[in-house]
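Q: no FASTA, just this:
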């Protein structure tokens with residue numbers, strides 16, 4: 001069966017790219033020595049100092065998140081019950097324009113208490129296979145250059161900070177790339193690797209992908225609520241180059257143009273670090289008096305965090 005969204009006619013082209021990487025880091029123990037006083041401070045991982053915002057950019061999309069009764073099987077086929085419940089996201093625009101893309105895409109977003117699920121179906125002319133960079137293998141190792149292939153790029157901005165976000169990339173052949181970005185995408189660090197899963201599938205006249213992104217992976221702070229920023233983007237290589245997204249004017253990395261994702265009814269307190277009250281203790285020795293300050297940090301995620 002062909003859904004109404006898949007009957008959308010196909011239209012034009014553009015270009016914009018930031019493709020580096022960024023990282024959030026759990027900072028360790030900072031030690032200062034002032035005379036004979038030793039001060040030890042445990043620094044917490046307040047990554048996204050984001051406050052929930054609900055401002056929708058002019059002409060932008062608002063997506064209502066749909067709770068999945070069961071997680072999808074990540075085979076890329078988009079035939080799970082949760083995708084049938086989700087609102088199909090259509091009318092992708094060519095980059096830097098208000099023109100419908102020639103090669104249209106359909107996006108889907110679901111969630112449960114532990115994951116954000118994202119699916120995309122990328123329409124193509126029948127008889128055409130997704131592109132891959134000349135001379136390169138179809139399935140590449142994680143975090144190698146994938147931007148010469150047919151890919152989708154998912155931008156996730158927890159709490160709708162409009163400055164910091166995660167960029168997750170999947171190719172038609174299953175290659176992956178990820179990064180964390182600050183300051184609207186201008187700052188990056190190549191060492192962040194996300195804990196997420198995906199699957200791709202190539203059919204006749206389309207290719208599609210599914211991904212599951214655990215909330216514990218997204219540096220969630222106490223200020224992150226049920227409204228997030230999100231962008232679904234596509235870089236088509238076959239039958240010709242075309243960049244498109246669901247954001248205002250087909251933007252890729254412009255956080256203020258991202259769609260607004262609402263209705264994530266999740267207790268996010270399970271996914272951030274709890275910082276307790278400071279404890280002060282005086283110690284003496286060698287005719288010197290030292291003050292020791294410690295701040296307890298409890299990892300609420302249930303996961304071991306990389307430093």
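A: Received the coordinates, thanks. Only a predicted model underlies this, so the values are computations on that prediction, with no experimental measurement involved.
Q: so residue 231 is in which element?
A: Using DSSP states H and E, the element containing residue 231 is strand 228-236.
Q: pLDDT below threshold where in the stretch 201-307 of the chain?
A: Residue ranges of the stretch 201-307 of the chain with pLDDT under 70: 273-278, 285-286, 293-307.
Q: who are the packing partners of the helix or strand following the strand holding residue 231?
A: Toward the C-terminal end, the helix or strand that comes next after strand 228-236 (DSSP H and E) is strand 242-245. Judged by 3 or more Cβ pairs under 8 Å, 6 or more residues apart in numbering; DSSP states H and E, strand 242-245 is in contact with strand 93-94, strand 228-236. Every residue, glycine included, has its C-beta placed from N, CA and C.
Q: now do the contacts for residue 247.
A: Neighbouring residues of residue 247 by Cβ atoms under 8 Å, 6 or more residues apart in numbering: 57, 60-61, 93, 231, 233, 254, 257-259.
Q: if we only consider these, which is nearest to residue 158?
A: The closest of these to residue 158 turns out to be residue 258 (Cβ to Cβ; 11.8 Å).
Q: which residues touch the closest one?
A: 57, 60, 155, 157, 162, 165, 229-231, 247, 251.
Q: leaving aside the residues next to it on the chain, what's closest to it?
A: Sequence neighbours aside, residue 229 is the residue nearest to residue 258 in space, at 4.0 Å (criterion: Cβ to Cβ, 6 or more residues apart in numbering).
Q: quickly note the distance from the one you found to residue 115.
A: Residue 229 sits 18 Å away from residue 115, taking Cβ to Cβ, to the nearest Å as the criterion.
Q: which one of those two has more residues nearby?
A: residue 229 (27 against 21; other Cβ atoms under 10 Å).
Q: and the more buried one, what are its bridge partners?
A: Going by DSSP bridges, residue 229 is paired in beta bridges with residue 157, residue 260.
Q: so what's it up against?
A: By Cβ under 8 Å, 6+ apart, the contact set of residue 229 is 155-157, 160-162, 165, 255, 258-261.
Q: format those residues as CSV; extra columns: distance to residue 272.
A: CSV is the format used below for the contacts of residue 229 (distance: Cβ to Cβ, whole Å):
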residue, distance to residue 272
155, 21
156, 16
157, 16
160, 16
161, 14
162, 20
165, 17
255, 21
258, 22
259, 24
260, 22
261, 19
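Q: among those, which two are most distant?
A: Maximum pairwise distance in the contacts of residue 229, criterion Cβ to Cβ, is 14.5 Å, between 161 and 259.
Q: out of those two, which sits in the more crowded spot?
A: Remark: of residue 161 and residue 259, residue 259 carries more neighbours, 25 against 22, as counted by other Cβ under 10 Å.
Q: touching, the more buried one and residue 228? I think so.
A: No. Judged on Cβ atoms under 8 Å, residue 259 makes no contact with residue 228 at a distance of 9.4 Å.
Q: so what's the residue count around residue 84?
A: Residue 84 sits with 12 neighbouring residues when counted by other Cβ under 10 Å.
Q: oh sorry, the question was meant for residue 214
A: Each residue near residue 214 was counted by other Cβ under 10 Å, and the total is 16.
Q: for it, give the beta-bridge partners.
A: If you apply DSSP bridges, the partners that residue 214 bridges to are residue 115.
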